[in-house]
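Chemist: The sequence and its predicted three-dimensional model are supplied below.
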Amino acid sequence: RKEVEQDPGPFNVPEGATVAFNCTYSNSASQSFFWYRQDCRKEPKLLMSVYSSGNEDGRFTAQLNRASQYISLLIRDSKLSDSATYLCAVNIGSSASKIIFGSGTRLSIRP
Amino acid sequence: GAGVSQSPRYKVAKRGQDVALRCDPISGHVSLFWYQQALGQGPEFLTYFQNEAQLDKSGLPSDRFFAERPEGSVSTLKIQRTQQEDSAVYLCASSLVLLGDEQYFGPGTRLTVT
């Protein structure tokens, strides 16, 4: 089993729709979780960190489920500009700084 | 302020050549990371530094790969005797401290080995 797994998609949804991605991780000692956005031929950019209590930033909501070892990203009222690949990232182990990325979920928003 | 910068942005090497990729992290960032990203995949961890100390190099694919950060700032990733399978984008990232901190990525170096 991969350490961090994501549904590769692609997700193709109409503008204004709500879309959600999950990301599962295998190491129960992981403490830090992130969502990154990567546009085609660009570097990943941090979208948001994921906190235990869940967090929201505008149209984006991230949640952590430690019992089932997954994190989720919800995008409401999707915009054309949300089209990108979304990468989840998880640190491995309680003291390690090694961050493992998922393979990414491709999202395409259509007009 | 200035972000993470990498050079060169593109590199074409003939099989068997040595290459050196440079990363300038954000000023004051303690941690520096190297990743390899193949097309359609997420970044794969190669190695990381805390200041000048290389604390984890478990992701380096072979002994042809070598990374250094001698003064705790600029880092160089060197690949000796390049092979076609080394073709990828090499991303550098830095973070302010160590555990749990967000990483900021440079634009990457796209390496093509012919």
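Modeler: Alright, I've got the coordinates. Numbers count the residues shown, from 1 in each chain, chains lettered A, B, ... in the order given.
Chemist: Point out where the chain drops to low pLDDT.
Modeler: All of this is about chain A. Applying pLDDT under 70 to the predicted model, the residue ranges of chain A that meet it are A:1, A:93-97.
Chemist: nope, chain B
Modeler: Low-confidence regions of chain B, defined here as pLDDT under 70, cover residues B:1, B:98-100.
Chemist: mind redoing it with 90?
Modeler: Filtered on pLDDT under 90, chain B yields the residue ranges B:1-2, B:40, B:56, B:95-103.
Chemist: Which residue ranges of it form helices?
Modeler: Counting by DSSP state H, chain B has no helices to list.
Chemist: what's the residue closest to the geometric middle of it?
Modeler: residue B:34 (3.3 Å; C-alpha atoms, centre = their mean).
Chemist: Against chain A, how distant is that residue?
Modeler: Distance, residue B:34 to chain A, by C-beta to the nearest C-beta, to the nearest Å: 12 Å. Where you see a C-beta, it was placed from the backbone N, CA and C, and this is true even at glycine.
Chemist: residues contacting the closest residue to that residue other than its chain neighbours?
Modeler: On the basis of C-beta to C-beta, 6 or more residues apart in numbering or on different chains, the spatially nearest residue to residue B:34 that is not a chain neighbour turns out to be residue B:46, at 4.2 Å. Contact partners of residue B:46, counting by C-beta atoms under 8 Å, 6 or more residues apart in numbering or on different chains, are B:33-36, B:57, B:59-61, B:65, B:67, B:77, B:90.
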